[in-house]
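Participant: Okay, sequence plus prediction incoming.
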Amino acid sequence: MKPPLQPATDLIALDIGGANIKAADGRGWTDVSPFPMWLKWELLRSKITSFLSHRPKKVVATMTGEIADCFPSRKSGVTHIVNSLCAAAGDASVGIYTTEGDLLSPQQAIDNYHTAAASNWHAVARLAASLTSTEDAVLLDIGSTTVDIIPIRNGQPQPLAFDDASRLTTGELVYTGIERTPVSAILNEILHGNVSRPVSSELFARSQDAWILLKELPEQHSSTDTADGKPATLSAARIRLARSMLLDSELFSMHDARFAAEQIATAQGTLITAALQKVMLRSKLKPRIFVVSGHGKQLSQQVIHDLSMDVSTIYLQDFFSSAISRSAPSHALALIARGLLA
């Protein structure tokens, strides 16, 4: 059994999100840890410090956590994240990535908060583009909360928009993911037996439950990061899905739960497929390659199948590793900071 990789001491890249923080060194080491920014923003410095225990000489970061509702504005969110990062980094030099592809100093990032905000997708798009040569392609990055869809032409990312609000409009940002999306935001009804049951608009169950039941996500008996704070297991996921329809759990078998999970997965795939078609139409792109990152391979396969296009697919989890695929923004940023990614 190989010993676990240790992070490099020269450089660490961080992707500071609203629900998770991810780290990589560009040499194979990665780390992911839940961090609910909206609840624990005051602890951000100490959380970042835990990723930097080997005291790297340089720290670079991208972010999406600035939109968390604990911050009164996007600028205040960027400022808090940058200041927390600098405090945690100590004597290390700090660079902040932007949607213009630059690494700015902390003060420059605060002054240009609109380009420092929500910049992680741009780094992943550069990594995806490096794998596509001159073929027209699309990056499909499926995360726990959102999906990013980025057109790539002539080996370069060609986004239609750069800020979150505009990207929602173009279809390049889709607010659905395989862990944190409420089931009630995915579909309105679930077929149970011969009855189409309305889904209550309450946070009783999340997409995580469906993907655990479909074996895309592993069970985590010690994790309570779920809709009801109970374990992330098959049996608990069944109960949560039953509750989403206000059913007693004894009336909802494991077979019923898996059938419901399939419906949820299909609905998510339909939503992403529609966004992809919108992006391709607006960008006038006919991709020959899909580059898939994140941790929703089964969902991406469903989407690509539904498109009925003659394309090849590059899965980052196969090309690199599952860990790097899930931490693709931080891995890509580390490569950029090392000068290994154009």
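Facilitator: Everything's here; your move.

Participant: give me phi/psi at Pro182?
Facilitator: Per-residue torsions, Pro182: phi -60, psi 140 (degrees, to the nearest 10).

Participant: what's across from it in the sheet?
Facilitator: Listed beta-bridge partners, Pro182: Arg206 (assigned using DSSP bridges).

Participant: What's the local residue count around it?
Facilitator: 17 (other CB atoms under 10 Å). Any C-beta I mention is one placed from the backbone N, CA and C, and that applies to glycine too.

Participant: Please list all residues in contact with it.
Facilitator: Contact analysis of Pro182 by CB atoms under 8 Å, 6 or more residues apart in numbering lists Leu203, Ala205, Arg206, Ser207, Ala227.

Participant: Greatest separation within those residues: which pair is it?
Facilitator: Put simply, by CB to CB the two of those set farthest apart are Leu203 and Ser207, 11.7 Å from each other.

Participant: okay, the two: which has more neighbours?
Facilitator: Taking neighbours as other CB under 10 Å, Leu203 and Ser207 compare with Ser207 leading, 27 against 14.

Participant: pretty sure the more buried one is in contact with Arg180, am I right?
Facilitator: Yes: Ser207 is within contact range of Arg180, at 7.0 Å (criterion: CB atoms under 8 Å).

Participant: Check what pLDDT the residue nearest to the spatial centre of the chain gets.
Facilitator: Closest to where the C-alpha atoms of the chain average out (CA atoms, centre = their mean) is Gly143, at 2.7 Å. pLDDT for Gly143: 95.

Participant: Test my guess that it contacts Gly294.
Facilitator: Yes: Gly143 lies in contact with Gly294 (CB under 8 Å); the separation is 4.9 Å.

Participant: Most remote residue from the middle of the chain, which is it?
Facilitator: Asn194 (35.6 Å).

Participant: For Asn112, give me phi and psi.
Facilitator: According to degrees, to the nearest 10, Asn112 has phi -110, psi 50.

Participant: Tell me the spacing between it and Ser119.
Facilitator: 11 Å (CB to CB, to the nearest Å).

Participant: Next, the contact list for Met254, please.
Facilitator: Here Met254 is in contact with Leu234, Arg238 (criterion: CB under 8 Å, 6+ apart).

Participant: Can you tell me the closest non-neighbouring residue to Pro159?
Facilitator: Ile150 (5.7 Å; CB to CB, 6 or more residues apart in numbering).

Participant: Correct me if wrong: the one you found contacts Glu172.
Facilitator: Yes: with contact defined as CB under 8 Å, Ile150 counts as touching Glu172 (6.3 Å).

Participant: Can you pull the residues that touch both of the two?
Facilitator: Joint contacts of Ile150 and Glu172 (CB under 8 Å, 6+ apart) are Pro159.

Participant: Please, where are all the strands along the stretch 151-300 of the chain?
Facilitator: Applying DSSP state E, counting those that start in this stretch to the stretch 151-300 of the chain gives strands spanning 156-157, 173-174, 189-192, 195-198, 289-294.

Participant: most neighbours per residue, which of those strands?
Facilitator: strand 289-294 (a mean of 26; mean count of other CB atoms under 10 Å).

Participant: just checking, what packs against it?
Facilitator: Here strand 289-294 touches helix 120-130, strand 137-142, helix 297-307, strand 312-315, helix 316-319, helix 322-326, going by 3 or more CB pairs under 8 Å, 6 or more residues apart in numbering; DSSP states H and E.

Participant: Sheet partners, orientation included, of it?
Facilitator: strand 137-142 (parallel), strand 312-315 (parallel).

Participant: Am I right that Thr233 is in contact with Glu219?
Facilitator: Yes: using CB under 8 Å, Thr233 is in contact with Glu219, at 4.8 Å.

Participant: between those two, which one's more packed in?
Facilitator: Taking other CB under 10 Å, Thr233 and Glu219 do not tie; Thr233 has more neighbours (17 against 14).

Participant: between Asn112 and Ser119, what contacts are shared?
Facilitator: By CB under 8 Å, 6+ apart, the residues touching both Asn112 and Ser119 are Thr98.

Participant: what about these two, which has more around it?
Facilitator: Comparing Asn112 with Ser119 by neighbour count (other CB under 10 Å), the higher total belongs to Ser119, at 26 against 17.

Participant: quick one: pLDDT of that one?
Facilitator: Predicted confidence (pLDDT) for Ser119: 96.

Participant: got it, and Ser184?
Facilitator: 98.

Participant: can you redo the helices and strands packed on strand 289-294 as CSV with distance to Ser93 and mean neighbour count?
Facilitator: Converted to CSV, the helices and strands packed on strand 289-294 look like this (distance: least, CB to CB, whole Å; neighbours: other CB atoms under 10 Å):
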stretch, distance to Ser93, mean neighbour count
helix 120-130, 18, 25
strand 137-142, 28, 28
helix 297-307, 36, 19
strand 312-315, 33, 15
helix 316-319, 28, 17
helix 322-326, 24, 20
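
Participant: Please name the residues that touch Pro34.
Facilitator: Pro34 is in contact with Ala19, Asn20, Asp225, counting by CB under 8 Å, 6+ apart.

Participant: for those, which one is nearest Ile48?
Facilitator: Asn20 (12.8 Å).

Participant: Burial check on that closest one, number of neighbours?
Facilitator: By other CB under 10 Å, neighbour count at Asn20 equals 23.

Participant: do the one 4 residues further on as well
Facilitator: The criterion is other CB under 10 Å. On that basis, Ala24 has 28 neighbouring residues.
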